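K.L.:
Structure for the following, please:
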Amino acid sequence: MAMGGLGNNSDDRGPVAEINVTPLVDVMLVLLVIFMVTAPFMENGIPIQLPKAAAKALQKENEPPITLNLTKETKLYINREEVFLSNVQQKLQAVFKNRARKEVFIRADGTLPYAFVAQAMALVKAAGIDKIGLVTLPPEAAPGTGPNGK
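P.N.:
A predicted model of the protein is given here:
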């Protein structure tokens with residue numbers, strides 16, 4: 001005997017006290033897949049092989065170029081003269097005292113930390129040098145090709 005909806009009637013639907021987590025799980029799995037796919041492309045995951053670059057050679061100037069050589073032992077040379085890091089700015093100012101064109105080419109070993117190269121570039125800029133060029137190697141030619149593409 002059921003009285004006016006007071007019994008256990010299967011048609012009686014009250015509020016559900018359970019949380020449906022299926023949509024939440026679906027969204028979280030999609031976000032997980034997105035992060036897993038994009039993580040290799042983040043800043044640290046990009047393999048960079050420096051200092052090889054494809055660029056055309058600069059035109060020759062009347063004055064011989066000044067190069068700042070950075071070795072893998074973190075030694076610095078202005079042309080062929082060894083210079084301490086603390087003296088680079090003063091030496092460059094002395095070299096460029098009577099030069100009209102203020103341009104330095106930096107030849108840095110590819111295994112050097114970026115911070116060391118950036119520090120050397122900052123010293124060159126602090127010496128009043130207008131232009132800084134990075135010397136690189138051309139990319140390797142494909143096997144079986146010569147200098148003329150043959």
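K.L.:
which residue sits closest to residue 107 in space, ignoring its chain neighbours?
P.N.:
residue 135 (4.4 Å; CB to CB, 6 or more residues apart in numbering). The way it works is simple: take the backbone N, C-alpha and C, and place the C-beta from them, glycine included.
K.L.:
shaky segments in the chain?
P.N.:
The model of the chain has pLDDT under 70 over residues 1-12, 40-61, 141-150.
K.L.:
where along it do the strands fall?
P.N.:
66-70, 76-78, 81-83, 103-108, 131-134 (DSSP state E).
K.L.:
looking at these, which is buried most?
P.N.:
strand 66-70 (a mean of 20; mean count of other CB atoms under 10 Å).
K.L.:
Note down every partner strand of that one and its orientation.
P.N.:
If you go by DSSP bridges, strand 66-70 pairs up with strand 76-78 (antiparallel), strand 103-108 (parallel).
K.L.:
Of all those, which one comes closest to residue 14?
P.N.:
strand 103-108 (74.3 Å; CB to CB).
K.L.:
For the closest one, what is the distance to the chain centroid?
P.N.:
Taking CA atoms, centre = their mean, to the nearest Å, the mean C-alpha location of strand 103-108 is offset from the chain mean by 19 Å.
K.L.:
Could you export it as CSV, CA atoms only?
P.N.:
What follows is strand 103-108, C-alpha atoms only, in CSV (Å, rounded to 0.1, in the frame of the first residue of the first chain):
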residue,chain,number,x,y,z
GLU,A,103,83.2,47.0,-35.2
VAL,A,104,84.2,43.8,-33.4
PHE,A,105,83.8,40.2,-34.6
ILE,A,106,83.4,37.6,-31.8
ARG,A,107,84.6,34.1,-32.5
ALA,A,108,83.3,32.0,-29.6
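K.L.:
What lies in contact with that strand?
P.N.:
51, 65-70, 92, 117, 120-121, 124, 129-135 (CB atoms under 8 Å, 6 or more residues apart in numbering).
K.L.:
Could you do stretch 91-102 as well?
P.N.:
Residues outside stretch 91-102 that contact it (CB under 8 Å, 6+ apart): 61, 63, 66, 68, 78, 81, 83, 104, 123-124, 127-131.
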